[in-house]
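J.: one predicted model, sequence on top.
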Amino acid sequence: MVVVVAAAMAAASLCCGVAAYLYYVLWLAPERLRAHLRRQGIGGPTPSFPYGNLADMRSHAAAAAGGKATGEGRQEGDIVHDYRQAVFPFYENWRKQYGPVFTYSVGNMVFLHVSRPDIVRELSLCVSLDLGKSSYMKATHQPLFGEGILKSNGNAWAHQRKLIAPEFFPDKVKGMVDLMVDSAQVLVSSWEDRIDRSGGNALDLMIDDDIRAYSADVISRTCFGSSYVKGKQIFDMIRELQKTVSTKKQNLLAEMTGLSFLFPKASGRAAWRLNGRVRALILDLVGENGEEDGGNLLSAMLRSARGGGGGGGEVAAAAEDFVVDNCKNIYFAGYESTAVTAAWCLMLLALHPEWQDRVRDEVQAACCGGGGRSPDFPALQKMKNLTMVIQETLRLYPAGAVVSRQALRELSLGGVRVPRGVNIYVPVSTLHLDAELWGGGAGAAEFDPARFADARPPLHAYLPFGAGARTCLGQTFAMAELKVLLSLVLCRFEVALSPEYVHSPAHKLIVEAEHGVRLVLKKVRSKCDWAGFD
Ligand code: HEM
């Protein structure tokens, strides 16, 4: 009897303890952060227990979809580039209601949504390690990112940045352009073959998968010295992993409580299984590259890992994690964003034949005029119109929808005291489409590459590659990769929008065309005779 009573009392006190813990992490702790912000006059929608404003976000999204504010569909020649209300209706509605700085919560995670230029500017200039990457959904995304450069913070991040960034400096990228041209030739030749096989001079084509294959091939060859086949296997799996970890029924309760063992969801197990397969493939690559110095990113990571304590040239377990996690991070960071930007860029050039002609003339003058050279790094740098077209594409369709940070200690930004733990979200397209920052009126939502002709936009107005110390380290590489692809495509084809194209920007970790980009490609006679072309 005594034993039963004691057991019942122990169980009761365990339940009380768990209840008190849950009350603290799910409500009390976030409420303290919200109160801190409210005292500074920062407003926002009222959160409810336990999911914060998640239900509001879903109802805003449903209303936008029901009202066809989705930006989807297409009337004659009328494509709306401003997708903010369609893709992020909750942010837009709250911004109108509460102003450019407001707070909201997802579960127990408190967000500070900031589009006030002075705060964004200060964030762009901040290099303190106290401003880290947001830990939102970190456990769910762990199989995809591990402890690699994209999500790590503090000294671990600084070490990885120091190692990886030099591999993407302009002098390194310069030596990669020939490999990029090889990959782009595979793509344009395959499109030409398909047109020839169709018996005509033009082809209606969904371009997205082909461009992804190009992007995958470029990273495989340049960074990892790997074959197309192995690179493609890794990419296909990382893409599957990305879909698995971004399913909307993510383990939010597990994230909120930190008790992931209580919520073993099928998606979590599937992600870890996939992760095991990606890891094995990457370690195969490491094995193949182990003996020689390929002069690429993988060799640099291996050198560092071995120097870090793998005895007798062996890569120790922690060092192995370091290499695997960072390979996955680079594949993820460099693949999708570049491919999606290239697809949006071709969509915009299809809509604007005058810019297409201008860029084609410029490419032919830079490469073909000089005796039929394929584009090299100096030639790419001379292509001003192409640069402006890519910059304008990144303004209208920035792959990264938000720049996200977390205050790892209390800090002050633009006079706002941000308590430790708060996630700061800067909505990139809100700034990119701000009528005051971009020339007033409807002009901000129009495609006009000439706006980049003379002046650099101010720090707080243009953030396609992010901000401050965490800014994208692959931007020179990405610009070269995009220019190589676009110059080869435009030399060989005229592009027009397919009648089947449906304009459908959607957010899936990055903003991409939900129904793909469909174009009509028509062969043009090129003046270029480089690399086997007539
Ligand atoms: C058009 C193509 C690309 C776009 C739009 C883009 C955009 C971005 C953005 C917005 C960030 C976050 C910056 C921040 O939080 O402030 C980022 C980070 C990063 N990007 Fe890119 N990126 C592109 C291509 C690439 C490529 C090709 C690579 C490498 C091969 C790359 C590697 C990285 C890495 C490693 C980071 C993390 C940097 C850090 O946290 O220190 N990106 N990128």
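T.: Received the coordinates, thanks.
J.: what about residue 425, which SS state?
T.: Here residue 425 is recorded as strand under DSSP: H, G, I helix; E, B strand; the rest coil.
J.: show me where the stretch 401-534 of the chain has helices.
T.: For the stretch 401-534 of the chain, the helices defined by DSSP state H, counting those that start in this stretch occupy 428-432, 475-492.
J.: quick one: closest of the ones you listed to the ligand.
T.: helix 475-492 (3.7 Å; Cβ to the nearest ligand atom). Where you see a C-beta, it was placed from the backbone N, CA and C, and this is true even at glycine.
J.: what about residue 113, which SS state?
T.: strand.
J.: touching, residue 129 and residue 154? I think so.
T.: Yes. Counting by Cβ atoms under 8 Å, residue 129 sits close enough to residue 154 to count as a contact (5.4 Å).
J.: now do the shared contacts for those two.
T.: Contact criterion Cβ atoms under 8 Å, 6 or more residues apart in numbering; residues shared by residue 129 and residue 154: residue 408.
J.: name the residues of the stretch 201-350 of the chain found near the ligand, please.
T.: 219, 330, 333, 334, 337, 338, 341 (Cβ under 6 Å from any ligand atom).
J.: name the nearest of those relative to the ligand.
T.: The ligand has its nearest neighbour among these in residue 334, at 2.8 Å by Cβ to the nearest ligand atom.
J.: next, the buried residues of the helix or strand encompassing that closest one.
T.: Residue 334 is part of helix 317-351, with elements assigned from DSSP states H and E. Buried residues in helix 317-351, defined by neighbour count with 16 or more other Cβ atoms under 10 Å: 319-351.
J.: need the helices of the stretch 401-534 of the chain in CSV (columns: mean neighbour count, mean pLDDT and distance to the ligand).
T.: Listed next are the helices of the stretch 401-534 of the chain as CSV, based on neighbours: other Cβ atoms under 10 Å; pLDDT from 0 to 100; distance: least, Cβ to the nearest ligand atom, whole Å:
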stretch, mean neighbour count, mean pLDDT, distance to the ligand
helix 428-432, 24, 95, 7
helix 475-492, 24, 97, 4
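J.: redo those as a markdown table? Include distance to residue 359.
T.: Converted to a markdown table, those look like this (distance: least, Cβ to Cβ, whole Å):
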| stretch | distance to residue 359 |
| --- | --- |
| helix 428-432 | 21 |
| helix 475-492 | 6 |
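J.: give the other helices and strands that the helix or strand of the chain with the lowest mean pLDDT contacts.
T.: Sorting the helices and strands of the chain by mean pLDDT, DSSP states H and E puts helix 252-257 at the bottom, at a mean of 72. Counting by 3 or more Cβ pairs under 8 Å, 6 or more residues apart in numbering; DSSP states H and E, the packing neighbours recorded for helix 252-257 are helix 138-145.
J.: other residues contacting the helix it packs on?
T.: Contacts of helix 138-145 (Cβ under 8 Å, 6+ apart): 151, 238, 241-242, 244-245, 250-251, 254-255, 260, 268, 271-272, 274-275, 325, 328-329, 332.
J.: can we see that at 7 Å?
T.: Helix 138-145 has contacts (Cβ atoms under 7 Å, 6 or more residues apart in numbering) with 151, 241-242, 245, 250-251, 254-255, 260, 271-272, 274-275, 328-329, 332.
J.: tell me the one of those residues nearest residue 501?
T.: Residue 501 lies nearest to residue 242 out of those, by Cβ to Cβ, at 24.5 Å.
J.: list the residues that contact that closest one.
T.: 144, 509.
J.: look up how far the ligand lies from it.
T.: Remark: distance between residue 242 and the ligand (Cβ to the nearest ligand atom, to the nearest Å) = 15 Å.
J.: for that residue, phi and psi?
T.: phi -60, psi -40 (degrees, to the nearest 10).
J.: ok, now residue 415?
T.: Torsion angles, degrees, to the nearest 10, at residue 415: phi 90, psi -10.
J.: what's the neighbour count on it?
T.: 10 (other Cβ atoms under 10 Å).
J.: tell me the confidence at it?
T.: We have a pLDDT of 94 for residue 415.
J.: returning to that earlier point: what average pLDDT does the helix holding residue 334 get?
T.: In the prediction, helix 317-351 has an average pLDDT of 91.
J.: tell me the first helix or strand C-terminal of it.
T.: Counting by DSSP H and E, the next helix or strand C-terminal to helix 317-351 is helix 353-363.
J.: in space, what's closest to residue 391 - neighbours in sequence excluded?
T.: residue 452 (4.6 Å; Cβ to Cβ, 6 or more residues apart in numbering).
J.: quick one: contacts for the one you found?
T.: 388, 391, 392.
J.: state the distance from the nearest residue to residue 339 once chain neighbours are set aside to residue 445.
T.: The shortest distance from residue 339 to any non-neighbouring residue, by Cβ to Cβ, 6+ apart, is to residue 215 (4.0 Å). For residue 215, the distance to residue 445 (Cβ to Cβ, to the nearest Å) stands at 27 Å.
J.: swap in residue 498?
T.: From residue 498 to residue 445 the distance is 23 Å (Cβ to Cβ).
J.: dump stretch 512-529 to CSV, restricted to CA.
T.: Extracted in CSV, the C-alpha atoms of stretch 512-529 (Å, rounded to 0.1, in the frame of the first residue of the first chain):
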residue,chain,number,x,y,z
GLU,A,512,10.2,29.7,-57.0
ALA,A,513,7.7,29.3,-59.8
GLU,A,514,5.3,26.7,-58.4
HIS,A,515,4.2,25.6,-61.8
GLY,A,516,7.6,26.0,-63.4
VAL,A,517,8.9,28.4,-66.1
ARG,A,518,7.7,27.4,-69.5
LEU,A,519,9.3,29.0,-72.6
VAL,A,520,9.3,28.8,-76.3
LEU,A,521,12.9,28.4,-77.5
LYS,A,522,13.6,29.4,-81.1
LYS,A,523,17.0,28.7,-82.6
VAL,A,524,18.9,31.8,-83.8
ARG,A,525,21.9,31.9,-86.0
SER,A,526,24.7,32.8,-83.7
LYS,A,527,27.7,34.9,-84.6
CYS,A,528,29.6,32.9,-82.0
ASP,A,529,31.6,30.0,-83.3
